[in-house]
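only the shape, not the letters, is given here:
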């Protein structure tokens with residue numbers, strides 16, 4: 001584990017220094033060639049790349065997974081694992097349902113017109129669940145359940161097949177739990193382009209959501225505007241604020257658990273007391289060596305006071321923030337930018353990754369300054385309906401005419417004035 005101590009230079013300056021040190025040095029992938037091949041070659045191009053990058057032993061004969069494969073996978077799950085998957089799904093649904101507005105918002109205005117704002121779901125959502133060497137059924141639940149709660153009728157799931165050309169049964173089982181009827185054995189940038197533009201087999205979608213590697217991220221960036229996207233997620237990250245009563249081993253396990261996602265994600269330990277910070281650092285290095293954790297960057301920051309720790313968190317905008325302080329609940333109210341805050345010593349990030357009910361698709365790289373967790377809102381859009389009775393038209397038309405002519409659009413004014 002790569003360790004570095006940062007001297008306190010103020011919240012913004014220290015946060016920027018940590019970001020600079022922990023930023024991934026890998027070049028940004030160029031996905032333009034893949035985009036062109038998918039748009040021109042359709043199914044054939046995606047199947048060719050699937051055989052090259054994912055299904056290296058036996059390529060699938062078709063992109064779409066056969067109907068009934070999900071039900072078979074779900075039935076084949078260990079009973080205890082299925083119970084855990086169903087509990088996670090139920091909790092995610094409860095939190096997602098709490099985010100949906102109950103009724104349209106109608107606004108009556110003084111001149112007599114009304115504006116009604118309502119939300120409607122997009123028609124189709126494309127979801128990406130990482131796969132290949134590992135399976136992430138939790139990502140299927142985190143993406144699919146908010147889409148279902150939002151009211152999306154058609155959900156298409158893409159997940160890289162294993163070397164044998166088959167999508168992992170755990171992914172299929174999770175898809176079955178969510179009622180997904182379209183699953184495609186494809187991954188990487190080609191999967192994102194196939195969902196966005198469509199192929200012979202795949203109808204294009206309206207929104208694409210779900211975590212992925214750098215190739216997936218850059219493909220989502222490329223199609224943004226053609227379709228909606230949830231975010232441009234980077235390496236996973238955790239900031240932990242340790243208090244005098246923090247158990248170093250607990251803190252170390254939380255930091256190392258986050259490092260399991262990869263060595264690129266920043267880990268940040270913050271404390272007022274130097275002895276606390278050193279104890280957490282030593283325990284983390286020991287746990288990392290024991291559990292085979294790679295060279296994840298561990299930033300250590302001693303702050304003058306707890307208020308400074310929260311200022312640093314708000315400046316850094318971590319994906320996950322753990323507060324191990326005694327007054328964690330009060331401190332959490334001051335946090336404004338973290339993707340998800342885990343309050344108190346029992347609130348390990350791992351609970352949020354799986355079963356707490358919160359979503360684990362969160363803003364990274366400081367994007368918490370302007371975005372938040374994945375939820376039903378990503379899959380819904382607003383529509384405004386305007387009603388202008390005759391009396392309101394008469395009152396408003398002269399103002400439309402004056403403004404339109406000032407902007408050089410006289411016919412706009414005429415279209416309003418004729419209704420007086």
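That came through fine. A quick note: this is a predicted structure, and the numbers were derived from the prediction, not measured.

from here on, just use CA atoms for contacts and neighbour counts.
Will do.

ok, residues contacting stretch 116-128?
103-107, 140, 143-144, 147, 150-159, 187, 192, 195, 204-212, 379-386 (C-alpha atoms under 8 Å, 6 or more residues apart in numbering).

buried ones among these?
Neighbour counting by 16 or more other C-alpha atoms under 10 Å classes 140, 143-144, 147, 150-152, 154-159, 187, 192, 195, 204-212, 379-380 among the contacts of stretch 116-128 as buried.

quick one: residues contacting the most centrally placed residue in the chain.
Nearest to the mean C-alpha position of the chain, by C-alpha atoms, centre = their mean, lies residue 361 at 3.1 Å. Going by C-alpha under 8 Å, 6+ apart, residue 361 touches 139, 142-143, 210-211, 373-374.

pLDDT weak spots in this protein?
24-26 (pLDDT under 70).

kindly report the domain assignment for it.
2-24+235-356, 32-106+122-229, 388-417 (automatic domain parsing).

redo these as a markdown table? Include distance to residue 368.
Shown next, in a markdown table, are these (distance: least, C-alpha to C-alpha, whole Å):
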| stretch | distance to residue 368 |
| --- | --- |
| domain 2-24+235-356 | 5 |
| domain 32-106+122-229 | 16 |
| domain 388-417 | 38 |
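
and the residue nearest to the centre of the chain, how far is that from residue 85?
Distance of residue 361 to residue 85, computed by C-alpha to C-alpha, to the nearest Å: 17 Å.

and what of residue 359?
14 Å.

check residue 393 too.
Counting by C-alpha to C-alpha, the gap from residue 393 to residue 85 is 56 Å.

and if you look at residue 188?
Residue 188 is 25 Å from residue 85, by C-alpha to C-alpha.

pick out whichever of the two has more residues nearby.
residue 188 (28 against 21; other C-alpha atoms under 10 Å).

so which strand or helix has the closest residue to that one other than its chain neighbours?
Leaving aside its sequence neighbours, residue 188 sits nearest to residue 216 (C-alpha to C-alpha, 6 or more residues apart in numbering; 5.3 Å). Per DSSP states H and E, residue 216 falls inside helix 214-223.

surely residue 93 meets residue 144?
No. Counting by C-alpha atoms under 8 Å, residue 93 sits too far from residue 144 to count as a contact (9.8 Å).

residue 228 belongs to a helix, doesn't it?
No. Counting by DSSP: H, G, I helix; E, B strand; the rest coil, residue 228 is not part of a helix but strand.

quick one, what contacts it?
Counting by C-alpha under 8 Å, 6+ apart, residue 228 touches 206-208.

please state the offset of stretch 227-245 from the chain centre?
From the chain centre to the centre of stretch 227-245 is a distance of 10 Å (C-alpha atoms, centre = their mean, to the nearest Å).

now do the same end-to-end measure for it.
One end of stretch 227-245 to the other measures 48 Å (C-alpha to C-alpha).

buried ones in it, by neighbour count?
227-243.

again, but for stretch 188-202
Under 16+ other C-alpha under 10 Å, the buried positions of stretch 188-202 are 188-199, 202.

perfect, that will be all.
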